[in-house]
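Enquirer: predicted model and sequence follow; I will ask about them next.
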Amino acid sequence: MKVRVAPLALLVMIVAIGSAPVFAAEDRFGCHIMISPQNPTSADDVDVSVGFLLRTSPPFVEEFSPVVANGSVFSIITTLVVPIADDAILQIIHMDNKTYHLGKLEPGNYSFEVYGKTQGTAQTWLEKRIDFTIAPSISTMPEYPSIAGLLLLLMATATAVYTARKRIAKNAM
């Protein structure tokens with residue numbers, strides 16, 4: 001007697017096994033903030049990426065506000081659309097994100113705060129905060145000329161020396 005596995009049952013098993021690690025890691029869902037570069041200095045252009053990894057739709061991010069700087073604290077407000085009673089909810093994992101360009105910053109300690117609010121309300125809450133440090137840039141050694149630049153410099157020096165010797169020899173006669 002042969003045992004046959006129905007194609008649909010096999011597909012369900014593959015999807016369940018393949019998605020198990022995603023659902024087991026609860027800390028992967030929610031708000032994420034990433035500073036780029038990872039260890040910034042005052043010579044670097046700093047970017048901050050804000051993302052919301054969500055399991056259903058809704059909720060989703062309707063709007064990311066412009067960044068507001070208050071001293072060493074940068075903040076944004078995200079407007080979230082949340083499901084209301086009797087709303088259809090899709091079981092879909094999705095990411096809503098935006099990158100903010102902060103530019104070059106002076107050495108020091110900074111914070112980036114993400115506030116949330118629901119659509120149609122004014123009340124906000126602190127969703128996530130990350131602290132980061134801008135280190136002073138380390139001065140590097142001066143750049144040496146390339147081989148072509150070095151050859152050009154050598155040729156100019158040789159020409160100047162040849163011209164000077166020729167002039168001296170002419171004056172000595």
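Expert: Done, it's in.

Enquirer: okay, CA-based contacts and neighbour counts for the rest of this
Expert: Fine.

Enquirer: and the gap between residue 131 and residue 102?
Expert: 14 Å (C-alpha to C-alpha, to the nearest Å).

Enquirer: next one: residue 41
Expert: As judged by C-alpha to C-alpha, residue 41 and residue 102 stand 13 Å apart.

Enquirer: neighbour count: those two, which is higher?
Expert: Comparing residue 41 with residue 102 by neighbour count (other C-alpha atoms under 10 Å), the higher total belongs to residue 41, at 20 against 13.

Enquirer: now the more buried one. Nearest residue, chain neighbours left out?
Expert: Taking C-alpha to C-alpha, 6 or more residues apart in numbering as the measure, residue 41 lies nearest to residue 135, with 4.5 Å between them; neighbours along the chain are not counted.

Enquirer: so what's that neighbour up against?
Expert: If you count contacts by C-alpha atoms under 8 Å, 6 or more residues apart in numbering, residue 135 has them with 39, 40, 41, 42, 107, 108.

Enquirer: beta partners of the last one?
Expert: Here residue 108 sits in beta bridges with residue 134, going by DSSP bridges.

Enquirer: just checking, it touches residue 137?
Expert: No: the pair residue 108 and residue 137 fails to qualify as a contact (C-alpha atoms under 8 Å) at a distance of 11.6 Å.

Enquirer: quick one: common contacting residues for those two?
Expert: Both residue 108 and residue 137 lack any common contacting residue under the criterion C-alpha under 8 Å, 6+ apart.

Enquirer: let me see the mean pLDDT of the lengthiest helix in the chain.
Expert: Longest helix in the chain by number of residues, with DSSP state H as the criterion: helix 147-172. Helix 147-172 shows a mean pLDDT of 81 in the predicted model.

Enquirer: buried residues in it?
Expert: Judged by neighbour count using 16 or more other C-alpha atoms under 10 Å, helix 147-172 contains no buried positions.

Enquirer: tell me how far it is from the chain's mean position?
Expert: In this view, helix 147-172 has its centroid 52 Å away from the chain centroid, taken as C-alpha atoms, centre = their mean, to the nearest Å.
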